[in-house]
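Participant: Predicted structure and sequence below. I'll ask about it afterward.
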Amino acid sequence: MSSGNYSFKELIREIPKAEIHLHLEGLISVDTIWNLVQENHLEFDGSDSKENLKKRFNVNSLDEFISLFLNVIQSSFRKEQDIVHLITDAQNYLVRNNIVYAEIFFAPSKFVQSGFSFPHMADILEAGSKKIFEESNITVKFLVDVSRTFGPENAEQNLDLVINNPRKSIIGIGLGGAESKGPAADYKAVFERAIKNNLKVVAHAGEDIGPESIWAALKDLNVDRIGHGISAIQDEELMTYLKDNQIPLEICPTSNLFTKKYVQKIEEHPIKEFYNRGLYVTLNSDDPTLFSSDLCEEYELLYENKIFTEDEIIDIMKKTVYAIYADEKVKKAIWKKAEKVIKKYR
Ligand SMILES: [Zn+2]
């Protein structure tokens, strides 16, 4: 493999990329919260100045993170229209990282519980997807996180909302939230009905608890892809299954390093072992702003720590493109553009 005078980091930025595990709320910027503080006259620890607000975003522990999420981010949204700010944040992030296709999770539970209209929010997502495509030529699709935090009944309601409010940009559902509190089996009926209604289905699993959670997502929910899936490393049979069926794993290293559940440092991350064994590995950023990272930095992290070679990094980019929910034609077109850029550099 050649490694001439070009900067591989620059190439990472230049290659048109896809991202498939990304939360809309995890893209929120300090500017957005600051706007909401002023528009909605909010008061919380740090709301007195933009400087102090910035400090709250500088989270160093899981507790600080949860406090930021619950007390600052989630409580700043007072009306449906506030979500438009998140669309702007998403657009800026995607442009900055040269992401040309993204599937983004949107978690409506909290908003619906506080009285927001789902159809209104769905319209904002749809208009946002259209705007981002028209202005930046980036395709954005949404996966509604029905959530395992609030129980199966809430998830059923979320699914109803998705089915009754079809939008071109909303293509499926995901299962996020507290993995230890919501076993996948409880959501079997929800996912069966989603599949019957031609929705795509994915689930977070093996992020916070063991391989049994990944088995359950595969067997009970029939998901196409696994969010994180890192605890699969503990289960030989599962790794063989994931490999044989080429189930894409949506790996988010910085996020795993932040929660520290299975990984304390990048060298310990199972991504390399998965890749070497032939499992289907994709790379993603999860909640980039909250973890002060972005997709390019995720690739850089793996490259600079010599977890992967340049060719392997490019291969993972390709695998991520080929794991999106789109026609083969779309995937091929994205990768063709990527190859052109790679050729120019190498
Ligand atoms: Zn996630």
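Facilitator: Good, I have the coordinates.
Participant: Can you give me the neighbour number for the residue lying closest to residue 155 once chain neighbours are set aside?
Facilitator: Take residue 155 and drop its neighbours on the chain: the residue closest to it by CB to CB, 6 or more residues apart in numbering is residue 146, 4.0 Å away. To be clear about C-beta, it is placed using only N, CA and C from the backbone, and glycine gets the same treatment. With neighbours defined by other CB atoms under 10 Å, the count for residue 146 comes to 29.
Participant: cool, and residue 341?
Facilitator: That count, for residue 341 with other CB under 10 Å as the rule, works out to 15.
Participant: Can you give me the buried ones in the helix or strand hosting it?
Facilitator: Secondary structure assigned from DSSP states H and E places residue 341 in helix 328-345. Of all the residues in helix 328-345, those buried under the rule 16 or more other CB atoms under 10 Å are 331, 333, 334, 335, 338, 342.
Participant: Give me the distance between residue 118 and residue 125.
Facilitator: Distance, residue 118 to residue 125, using CB to CB, to the nearest Å: 10 Å.
Participant: Between these two, point out the one with more neighbours.
Facilitator: Relative neighbour count places residue 125 above the other of residue 118 and residue 125, with 24 against 19, counting by other CB under 10 Å.
Participant: Quick check, pLDDT for the closest residue to the more buried one other than its chain neighbours.
Facilitator: Using CB to CB, 6+ apart and skipping the chain neighbours, the partner closest in space to residue 125 is residue 142 (5.3 Å). Model confidence at residue 142, given as pLDDT, is 98.
Participant: gap between residue 142 and residue 150?
Facilitator: When residue 142 is compared with residue 150 (using CB to CB), they lie 19 Å apart.
Participant: If you count surrounding residues, which of the two has more?
Facilitator: residue 142 (24 against 19).
Participant: next one: phi and psi at the more buried one?
Facilitator: Backbone dihedrals for residue 142, given as degrees, to the nearest 10, come out at phi -120, psi 140.
Participant: Mind picking out the helix or strand in the chain with the poorest mean pLDDT?
Facilitator: Confidence across the helices and strands of the chain bottoms out at helix 62-67, with a mean of 81, counting by mean pLDDT, DSSP states H and E.
Participant: Sort out which residues of it are buried, please.
Facilitator: Along helix 62-67, the positions that meet the burial threshold by neighbour count (16+ other CB under 10 Å) are residue 65.
Participant: In this structure, what residue spans correspond to strands?
Facilitator: Residue ranges of the strands in the chain, as given by DSSP state E, are 17-19, 99-106, 139-145, 170-175, 200-205, 225-228, 249-251, 281-283.
Participant: Mind putting the ones you listed into TSV with distance to residue 112?
Facilitator: Listed next are the strands of the chain as TSV, based on distance: least, CB to CB, whole Å:
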stretch	distance to residue 112
strand 17-19	26
strand 99-106	11
strand 139-145	11
strand 170-175	14
strand 200-205	20
strand 225-228	22
strand 249-251	25
strand 281-283	30
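Participant: closest one to residue 26 among those strands?
Facilitator: Smallest distance to residue 26 across those (CB to CB): 8.3 Å, for strand 99-106.
Participant: Residues touching that closest one, excluding its own?
Facilitator: By CB atoms under 8 Å, 6 or more residues apart in numbering, the residues outside strand 99-106 that reach it are 16-24, 27, 90, 93-94, 121, 125, 137-145, 171, 174, 176, 295, 321, 324-326, 330, 334, 337.
Participant: Can you tell me which of those are classed as buried?
Facilitator: The neighbour count (16+ other CB under 10 Å) marks 16-24, 27, 90, 93-94, 121, 125, 138-145, 171, 174, 176, 295, 321, 324-326, 334 as buried among the contacts of strand 99-106.
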